[in-house]
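Asker: fold the following.
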Amino acid sequence: MLMDRTHRIHSSCESRSQMTKPIMGLVVALALMISMYPISAVSQGTPNGSFFSKKIYADYNGEFRESTPRDDGLYHIDTPRLIKKLKEGAINTHLFLIWDIKTNWDDFRLEFLPAAQKAKIDVWLFLTPPTENNPPPMGEKYEPYGDDYITWFVETAKLSKKYSVLKAIVIDDFENNEDFFTPEYLKQMMDAVHSINPNLAFLPVNYDLSLSPSTPQSLISTAFVNKYKDSIDGIVFPYLHWQNKDSLDDEESQILMNSDILNGKIEQFTVNFPPNTPSNSGDYSAIAKTVKLSYTSKKPYHFKFRVSDNYDGPINGYHKLQVLIDNKIIWNEDAGGVPSVRYVDLNLQPYIKNKKKFTITARVFEEKGVSNWDITVNWDLPAGHWTFNERGALQGTGIYYPAVKNFKIPLFLAIYDYGYGGIWVPPSDYVYNANIIAHQYIMNNKIKGVIQLNLDKRENSTQFEIIKKLYKKWQNIFGNNSMEVFLDNEEADDIDFQE
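Answerer: Numbers count the residues shown, from 1 in each chain. The predicted model follows:
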């Protein structure tokens, strides 16, 4: 699902559109902000250093093939040409895909890895999961190890001991393959890897909740982190505005929420109300927390959360999404009829002034009873000690996933440069602006790097020229600087819900 893999750099395709007026005024200001910072001579780390010792300016796939077949009749990876373009584009990490031709593994281990080691380009091996291997256009099985991912990982670990630039293994569309990659099986995989190379990292590809509000526990979520926290070293997160692919309006929101989830700052509360189940007015599933205040203030008190549901029809007045302060409803919306994912920022100050403590509640509430209306609602809430309270037909429908405290795993944002699904292709200004926004959050340590998906690296590629200029500028100016760039300096008090 990461991309339409039939689009290849060596195949004929339309040239990229020329740069046009930026999509959003914000990114113009951010670009100007970048140009104002002085040059820093911070180094980019060493190949043998920590996996996360440098910012990742990467690309995925977009390989070149040789112009003539070899003796086996197949067109192999053109390693010298690929390495040259990676160096030219200031790409410090390449995600090498094993998928489409059965010689890919040998091209990777015998030709590309030695060349990348010499060129000092880091490498992540990119594997596809069982749902994408039946069969790929590469032979009778996923060559050479099929669905035996323990062997894939062991052989990659052996290569990483020989070639220190081999830093990580990535598996695509992990959320669709959880029945195969159980926590127990993934632990076996990583135990085998770490017995050979304790520093070889594993990163699944996973997506934002907006992709599928019906499956909030499988996408990037506190539930997912709780399930796999012992075996993953980071997540590759492909960004799209899934309801309007041309838009970048929610890129910042997705980055911030998913980063907070992976850094133990978000509690998850999911309500799964089943079909063919009658309910009555007043039934609910709720989660609540009491907050003590050390002082009062006239400044805003922010309560920020994300809530989603999987109903987008026009009927309303039944399932309600509500926030309450001391049993008083302060936010109330219908499930459905509005965008399926809402980012909400409530100012609680009018409701809590002169109070020393208060109870805040998030709930799914039945304003009218239903006879057959199943729904999934997901709340992402500030971390804290929340408690359940349920009544009626919604009794037992909620589940609570506490934040994993003192736990941090990095997020790497990927951008669909070459399009998605063989239908949507972004213009060049989209690629530029998406990267400008992403880099602000690299500098804020919300993400650890950016990955270009199927970057067009052919000669005269406008897209490649954009990335080359950005990557060179960022690495020359910022290096590994830990300088922070804050986008919101509003003076406001955020309640600490972890107390």
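
Asker: quick check, residue 267 in a strand?
Answerer: Yes: under DSSP: H, G, I helix; E, B strand; the rest coil, residue 267 sits within a strand.

Asker: three-state assignment of residue 106?
Answerer: Applying three-state DSSP: residue 106 is helix.

Asker: ok, it to residue 159 distance?
Answerer: Going from residue 106 to residue 159 by Cβ to Cβ, to the nearest Å gives 12 Å. Quick note: C-beta positions are derived from backbone N, CA and C, even for glycine.

Asker: now swap in residue 425 and tell me
Answerer: 35 Å.

Asker: which secondary structure element contains the residue sitting nearest the centre point of the chain?
Answerer: For the chain, the residue nearest the mean C-alpha position is residue 237 (2.3 Å; Cα atoms, centre = their mean). In this assignment (DSSP states H and E), residue 237 forms part of strand 235-239.

Asker: toward the C-terminus, what is the element adjacent to that strand?
Answerer: helix 251-262.

Asker: just the residues contacting that next one, thanks.
Answerer: 208-210, 220-222, 225, 235, 237, 239, 241, 266, 306, 343, 380, 408-411, 413, 434, 437-438, 441, 446-447, 487 (Cβ atoms under 8 Å, 6 or more residues apart in numbering).

Asker: mind listing what's buried along it?
Answerer: 251, 252, 254, 255, 256, 257, 258, 259, 260, 261, 262 (16 or more other Cβ atoms under 10 Å).

Asker: quick one: residues in contact with the strand holding residue 237.
Answerer: In contact with strand 235-239 (Cβ under 8 Å, 6+ apart) are residues 2, 170, 203-208, 220, 251, 254-255, 258, 262, 409-416, 434, 438, 447, 451, 453.

Asker: just to revisit the earlier point, buried members of the contacts of helix 251-262 into ChimeraX, please.
Answerer: Buried residues among the contacts of helix 251-262 (16+ other Cβ under 10 Å), as a ChimeraX selection:
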select :208,209,210,220,221,222,225,235,237,239,241,266,306,343,380,409,410,411,413,434,437,438,441,446,447
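
Asker: circling back: beta partners of the residue nearest to the centre of the chain?
Answerer: Beta-bridge pairing of residue 237 under DSSP bridges involves residue 413.

Asker: where's residue 435, which helix or strand?
Answerer: helix 428-443.

Asker: packing partners for that helix?
Answerer: helix 25-36, helix 251-262, strand 411-415, strand 449-453, helix 462-477 (3 or more Cβ pairs under 8 Å, 6 or more residues apart in numbering; DSSP states H and E).

Asker: CA atoms only for that helix, dumped as CSV, please.
Answerer: The C-alpha coordinates for helix 428-443 follow below in CSV (Å, rounded to 0.1, in the frame of the first residue of the first chain):
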residue,chain,number,x,y,z
SER,A,428,6.2,19.8,-7.6
ASP,A,429,5.0,22.5,-5.2
TYR,A,430,3.3,19.8,-3.1
VAL,A,431,6.6,18.0,-2.8
TYR,A,432,8.4,21.2,-1.8
ASN,A,433,5.9,22.4,0.7
ALA,A,434,5.5,18.9,2.3
ASN,A,435,9.2,18.8,2.9
ILE,A,436,9.4,22.3,4.3
ILE,A,437,6.8,21.6,6.8
ALA,A,438,8.4,18.2,7.7
HIS,A,439,11.8,19.8,8.3
GLN,A,440,10.4,22.2,11.0
TYR,A,441,9.5,19.1,13.0
ILE,A,442,12.8,17.5,12.4
MET,A,443,14.3,20.6,14.0
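
Asker: and it, how far out from the chain's middle?
Answerer: Taking Cα atoms, centre = their mean, to the nearest Å, one finds helix 428-443 lying 15 Å from the centre of the chain it belongs to.

Asker: angle of it against helix 462-477?
Answerer: 20 degrees (axes from the mean of the first three to the mean of the last three Cα atoms, to 10 degrees).

Asker: helices of the stretch 1-150 of the chain, start to end?
Answerer: Using DSSP state H, counting those that start in this stretch, the helices of the stretch 1-150 of the chain run over residues 25-36, 79-88, 104-106, 113-119, 149-162.

Asker: what residue in the chain is the furthest from its centre?
Answerer: Extreme point of the chain relative to centroid (Cα atoms, centre = their mean) is residue 71; 41.3 Å.

Asker: need the pLDDT of it.
Answerer: The per-residue pLDDT reported for residue 71 equals 95.

Asker: dihedrals phi and psi, it?
Answerer: Note on residue 71: backbone dihedrals following degrees, to the nearest 10 are phi -60, psi -30.

Asker: before we move on, what about the one 5 residues further on?
Answerer: Taking degrees, to the nearest 10, you get phi -90, psi 170 for the backbone angles of residue 76.

Asker: so it touches residue 70, yeah?
Answerer: Yes: applying Cβ atoms under 8 Å as the test, residue 76 and residue 70 come out as touching, 5.8 Å apart.

Asker: higher neighbour count, these two?
Answerer: residue 76 (18 against 10; other Cβ atoms under 10 Å).

Asker: pull the contacting residues for that one.
Answerer: With Cβ under 8 Å, 6+ apart, residue 76 has these contacts: 65, 66, 70, 101, 103, 107, 111.

Asker: cool, and residue 107?
Answerer: 76, 77, 79.

Asker: and which of these is nearest residue 292?
Answerer: residue 77 (61.0 Å; Cβ to Cβ).

Asker: how many other residues sit next to residue 353?
Answerer: 12.

Asker: what's the answer for the one 3 residues further on, then?
Answerer: Residue 356 has 10 neighbours, counted by other Cβ under 10 Å.

Asker: measure it to residue 290 for me?
Answerer: Counting by Cβ to Cβ, the gap from residue 356 to residue 290 is 11 Å.

Asker: and if you look at residue 103?
Answerer: 62 Å.

Asker: try residue 452
Answerer: 47 Å.

Asker: compare neighbour counts for those two and give me the winner.
Answerer: Set residue 452 next to residue 290 and count neighbours by other Cβ under 10 Å: residue 452 wins out with 30 against 13.

Asker: quick check: the more buried one touching residue 464?
Answerer: No: at 9.1 Å, residue 452 does not count as touching residue 464 under the criterion of Cβ under 8 Å.

Asker: quick one, domains of this structure?
Answerer: 25-265+405-477, 270-402 (automatic domain parsing).

Asker: hey, least reliable of those domains by pLDDT?
Answerer: Among the domains of the chain, domain 25-265+405-477 scores lowest, with a mean of 90.

Asker: chain center to it, what's the gap?
Answerer: 11 Å.

Asker: how close does residue 214 get to residue 340?
Answerer: 9 Å.

Asker: quick check: neighbours shared by these two?
Answerer: With Cβ under 8 Å, 6+ apart as the test, residue 214 and residue 340 both reach residue 310.

Asker: which one's more surrounded, the two?
Answerer: Shown here are residue 214 and residue 340; by other Cβ under 10 Å, residue 340 has more neighbours (19 against 16).

Asker: the more buried one against residue 211, yeah?
Answerer: No: using Cβ under 8 Å, residue 340 makes no contact with residue 211, being 10.4 Å away.

Asker: may I have the beta-bridge partners of residue 291?
Answerer: Here residue 291, judged by DSSP bridges, has bridge partners residue 358.

Asker: how many neighbours does it have?
Answerer: Counted with other Cβ under 10 Å, residue 291 comes out at 20.

Asker: please renumber the chain so that the first residue is 19 from this point on.
Answerer: All right, first residue 19 from here; so that's residue 309.
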